[in-house]
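Peer 1: below: sequence and its predicted model.
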Amino acid sequence: MIDWDLARDLLSWVLFLTGGAAVVIGALGIVRFPDFFTRLHAAGVTDTAGAELIVFAMMLQAPNWLVVAKLGFIAVFLALTSPVATHAIAHAAWMTGFKPMQGPDLRYEGDGK
Amino acid sequence: MGRFIILVLALAAIWLLLSGYFDKPLLLGFGAASVIFAAWLAYRARVLDDSGVPGGVFPGIFGYMIWLTFEIGKANIMVMRHALAVEPKLSPKLFTVRNPPGTNLGKVIFANSITLTPGTVSVDLRENEILVHGLTEELSDVAGINAMGERVAKIERRR
């Protein structure tokens, strides 16, 4: 016999912890990466892995199917809207002439040799 | 008319799931009235087109979303490794990929998929290509991203 409540708790705790770790690692990346565009990628980790894993973990803790459906809506709408926000920021930076660092030695374009 | 009916059914399903009322006639009546009103407004605003009511991407989009989830997971692990590395070896670069989907909706799905995958962000949408910023050489996988575009194009052709 498998204790389903225990299995559910264990799985949701694993998801909560990995999701929380992803949020922390994303934040760490935002601090450590060198320029604006590379930091966007670190924010992407928080947006996708962090947010979605925590929502999935909450789904496992939900008291009934209606709550699961609502959390499902949240997960889908997060996945649909967060890239739009990221693209809006990146595109705004690009259009105002903000150029990213390039290459393995992280040089701005036209920055000496 | 077909799109109107699809929109009404979708709105009714969302209303029922979000409210959770299945047996209160008065509230259900209000719900039905608001669903019809919202659908009529959409019709009046002329947004009942391919991107307003994207019936065509179903059911292919579900398989695509599951596939994309795994791609996002793989990319996440790679970016997290760089964020935690003692000395992150980044080599950011800009590159362009083809944008094969024919409709605006398909193009948006593709560009959003690129942005949603950590390590790549779509920076600029042009006529038939997308300018992408990649975090490292390994994550800037042009062939892989082009294959993703073909996948999106296949979903919209299947209607």
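Peer 2: All right, it came through fine. Numbers count the residues shown, from 1 in each chain, chains lettered A, B, ... in the order given.
Peer 1: any residue of the lengthiest helix in chain A touching chain B?
Peer 2: Secondary structure of chain A per DSSP state H: the longest helix is helix A:65-95. Yes. For helix A:65-95 and chain B, the contact criterion (C-beta under 8 Å from any C-beta of the partner chain) is met by A:66, A:69-70, A:73, A:79-80, A:82-84, A:86-87, A:90-91, A:94-95. (Glycine included, C-beta is placed from N, CA and C.)
Peer 1: which parts of that helix are buried?
Peer 2: Neighbour counts over helix A:65-95 (16 or more other C-beta atoms under 10 Å in any protein chain shown) mark A:69, A:71-72, A:75, A:79, A:82-83, A:86-87, A:90-91, A:93-94 as buried.
Peer 1: just stretch B:97-105 next, same as before
Peer 2: For stretch B:97-105, by 16+ other C-beta under 10 Å, it's B:97, B:99-101, B:103, B:105.
Peer 1: same check, this time on stretch A:22-41
Peer 2: Under the neighbour-count criterion of 16+ other C-beta under 10 Å, stretch A:22-41 has A:22-23, A:25-27, A:29-30, A:32-33, A:35, A:37-41 buried.
Peer 1: return the subset of those residues lying in helices.
Peer 2: Using DSSP H, the buried residues of stretch A:22-41 in helices are A:22-23, A:25-27, A:29-30, A:32, A:37-41.
Peer 1: which of these come close to chain B?
Peer 2: A:22, A:25-26, A:29, A:32, A:37-38, A:40-41.
Peer 1: which one of these sits closest to chain B?
Peer 2: Distances from chain B to these, taken as C-beta to the nearest C-beta, are shortest for residue A:29 (3.2 Å).
Peer 1: can you list the strands that the least confident helix or strand in chain A by mean pLDDT pairs with?
Peer 2: Using mean pLDDT, DSSP states H and E, the weakest-scoring helix or strand in chain A turns out to be strand A:107-108, at a mean of 75. Paired with strand A:107-108 in the same sheet, following DSSP bridges, are strand A:101-102 (antiparallel).
Peer 1: thinking again about what came up before, what does the least confident helix or strand of chain A contact?
Peer 2: Residues outside strand A:107-108 that contact it (C-beta atoms under 8 Å, 6 or more residues apart in numbering or on different chains): A:99, A:101-102.
Peer 1: need the residues you listed in a markdown table (columns: neighbour count).
Peer 2: Converted to a markdown table, the contacts of strand A:107-108 look like this (neighbours: other C-beta atoms under 10 Å in any protein chain shown):
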| residue | neighbour count |
| --- | --- |
| A:99 | 15 |
| A:101 | 20 |
| A:102 | 18 |
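Peer 1: export those to JSON lines and tack on pLDDT and distance to residue B:70?
Peer 2: Formatted as JSON lines, those follow (pLDDT from 0 to 100; distance: C-beta to C-beta, whole Å):
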{"residue": "A:99", "pLDDT": "82", "distance to residue B:70": "33"}
{"residue": "A:101", "pLDDT": "81", "distance to residue B:70": "30"}
{"residue": "A:102", "pLDDT": "80", "distance to residue B:70": "29"}
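Peer 1: who are the packing partners of the longest helix of chain A?
Peer 2: In terms of contacts (3 or more C-beta pairs under 8 Å, 6 or more residues apart in numbering or on different chains; DSSP states H and E), helix A:65-95 is packed against helix A:36-45, helix A:51-61, helix B:2-19, helix B:104-116, strand B:120-125.
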